[in-house]
Structures are given as structure tokens and as C-alpha cells.
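Visitor: I'll drop the sequence and a predicted model, then ask my questions.
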Amino acid sequence: MNEEILEPIVNEDESNLLNNDEHTSLYSGKKFHTLEECENFLDKWSKQQGFHLIKDRVTREAGVVRRRTLICAHSRTYEPHSTKDTTTKKLNCPFFVNISYPKSRNPNGFVFVNKINEHHNHPLNQAMIEFEDRKKFTPEMMDDIKFMTIHCKFGATSQRKFLEGKFPLHPIYSKDLYAAINKFRPTSKSLSNDAAQISNWLDLKKEMDSIWIVIRGWDNDNTLTYLFWMTPSQVENWTRYSDCVINDVTHKTN
Ligand SMILES: [Zn+2]
């Protein structure tokens, strides 16, 4: 993965020979005016193909991104094996794109697509990506959810009624609504210190490894009433022996 093509200068004639639509195709040597333009293209392109790209390694020089690797989101997805295999495994999808912003021999300051590994070890799902995009709350909806959560202290049921009335054409899924509400619920400022620290620490763990399960509950005064979590190994055990549950209940006992 380190043998990047450092001079991916493709002349115009050569790129035309690829007989692809310049605006939609990805190929080694493709150039962009800015890193942002390149990343936006790759984001759109990957969704059209049916997968999500995520940022991986980056090389910065004096704060400037000179190289970046983008990988398929499935290279970090865990697949719990509930049968004989006792370990949780990454799907390890091999897809990657390397992009570079060479300092030398790049008078126009272009950002280049270098090496691409186009292979995935899983099916691509364009419909799923489109579906995710379609059900994503709009900025206006997020503003409403924020207002209803912080100022009105509305729960999910009331918020759902409001949103369904105001945005009748937008699909609303409970899981997405809970997640959006949780974003605006009180965090470290209103929680006691210990609970806030545990809560933040759990969020961090979940961010690094999505297999963590973190569930919180609030009462009508936005007081945290429960905090439940499962480590990846607990999740795995749970999927294998689902009848074994250990609860450590300390709420209002000390
Ligand atoms: Zn993949």
C-alpha cells in the first residue's frame, strides 16, 4: 500500500482513451483542483457504487494534507460469529483509494487520485445507501428536534407527531429519531461528574468500535435515569448465550 505512484500525471489524450464520463468515473491519475473537491467527488462516487468511504491514514506536512488513504467502511465493520468461531472479526474489505497533493512537480497544485484497489469482499448495496440518504433528517428537521428536546422537553412520541405533521413526505424511523434526540439531550454539563465521565468514555469507546452498545434513558426533567452498556465481548457472549444477562443496578441506592 506504500508504493504509491508519486507522479500520476496523465495527459489529456490518455484519459480520454478511457472512454468514461469524466465527471463520474474514478481512475488512477484523476485530478482535482482542491482536496475538498476530491473528497466530495469520492464521497458521491462511492455512494453511487453502493458503499461508504471513510478516511483512514493521512500524511500532513506543516499542517497541509499531502496524502490520504480512504477505505471502504466495511474494512472496519465487525461481524460477530455466533457459532464456533469465538472471535469478533473485521470484514476487512480491501478497497482503498490513495490521494495525494504533491509538493513538487505540481505547479498547478492539483490533488491526484493515485492507487486504487477496486475490490470489495462484500456485495455493494446502492439501494441501501439511497435509502439512508432519503431518510436522513434535513437541517430544518434537526433544528426542530433540537428545539423540542431542549426547550419543550418533548419525548419521542410527541416529536414524531409534530414531525409527521410538518414533514408528511419524509420517512421517520424511531431509531433515527431517538439518535437525533439523544444528540441534544443534556450531556456532561447537567450530569453528575462521574456519570458524565462514564457516559463520555462510553461514547468514545463506541466511536472507536461500533459494536459497543450504549443505551441511556431520561425522565421528563431530562435527568439521566439509566445508563446501560455492553462491551464487544459481552455483545458476542450475548449473541451466543442470549439467556445470560448480568445487571449491575445501583440507581438511587447510594
Ligand atoms: Zn468494501
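Guide: In hand now; what should we look at?
Visitor: Which one of the residues in the stretch 151-254 of the chain is closest to the ion?
Guide: When distances are taken as C-beta to the ion, the stretch 151-254 of the chain reaches nearest to the ion at Ser210, 15.5 Å away. All C-beta atoms are positioned from the backbone trio N, CA, C, and that covers glycine.
Visitor: which residues of the protein fall in strands?
Guide: Assigned by DSSP state E, the chain shows strands spanning 31-32, 53-61, 64-72, 78-79, 89-90, 96-100, 111-117, 213-218, 224-230.
Visitor: Of the ones you listed, give the one that comes closest to the ion.
Guide: Evaluated with C-beta to the ion, these place strand 64-72 nearest to the ion, the distance being 3.0 Å.
Visitor: So which elements touch the closest one?
Guide: helix 35-49, strand 53-61, strand 96-100 (3 or more C-beta pairs under 8 Å, 6 or more residues apart in numbering; DSSP states H and E).
Visitor: Let me know whether Gln159 touches Tyr178 as I believe.
Guide: No: between Gln159 and Tyr178 there is no contact under C-beta atoms under 8 Å: 9.9 Å.
Visitor: Neighbour count: those two, which is higher?
Guide: Gln159 (22 against 14; other C-beta atoms under 10 Å).
Visitor: Now for Glu236, how many residues are close by?
Guide: With other C-beta under 10 Å as criterion, Glu236 counts 20.
Visitor: and if you look at the one 4 residues further on?
Guide: Residue crowding around Arg240 was assessed by other C-beta under 10 Å; the count is 13.
Visitor: do Lys115 as well
Guide: The burial count assigned to Lys115 is 17, neighbours taken as other C-beta under 10 Å.
Visitor: Show the pLDDT at it.
Guide: You'll see Lys115 listed with a pLDDT of 95.
Visitor: and if you look at Asn193?
Guide: 62.
Visitor: Could you do the one 5 residues further on as well?
Guide: In this model, Ile198 is scored at 78, pLDDT.
Visitor: Got the confidence number for the residue lying closest to it once chain neighbours are set aside?
Guide: Using C-beta to C-beta, 6 or more residues apart in numbering and skipping residues adjacent in sequence, the residue nearest Ile198 is Leu227, 6.7 Å away. pLDDT, Leu227: 78.
Visitor: From His170, how far out is Leu227?
Guide: Noted for Leu227: a distance of 31 Å to His170, by C-beta to C-beta, to the nearest Å.
Visitor: count of neighbours near Cys38?
Guide: Count around Cys38 with other C-beta under 10 Å applied: 23.
Visitor: Next one: it relative to the ion, how far apart?
Guide: Distance, Cys38 to the ion, by C-beta to the ion, to the nearest Å: 19 Å.
Visitor: contacting residues around Val111?
Guide: Val111 is in contact with 31-35, 37-38, 99-101, counting by C-beta atoms under 8 Å, 6 or more residues apart in numbering.
Visitor: was I right about Ile54 contacting Arg68?
Guide: No: the criterion here is C-beta under 8 Å, and Ile54 misses it with Arg68 at 11.2 Å.
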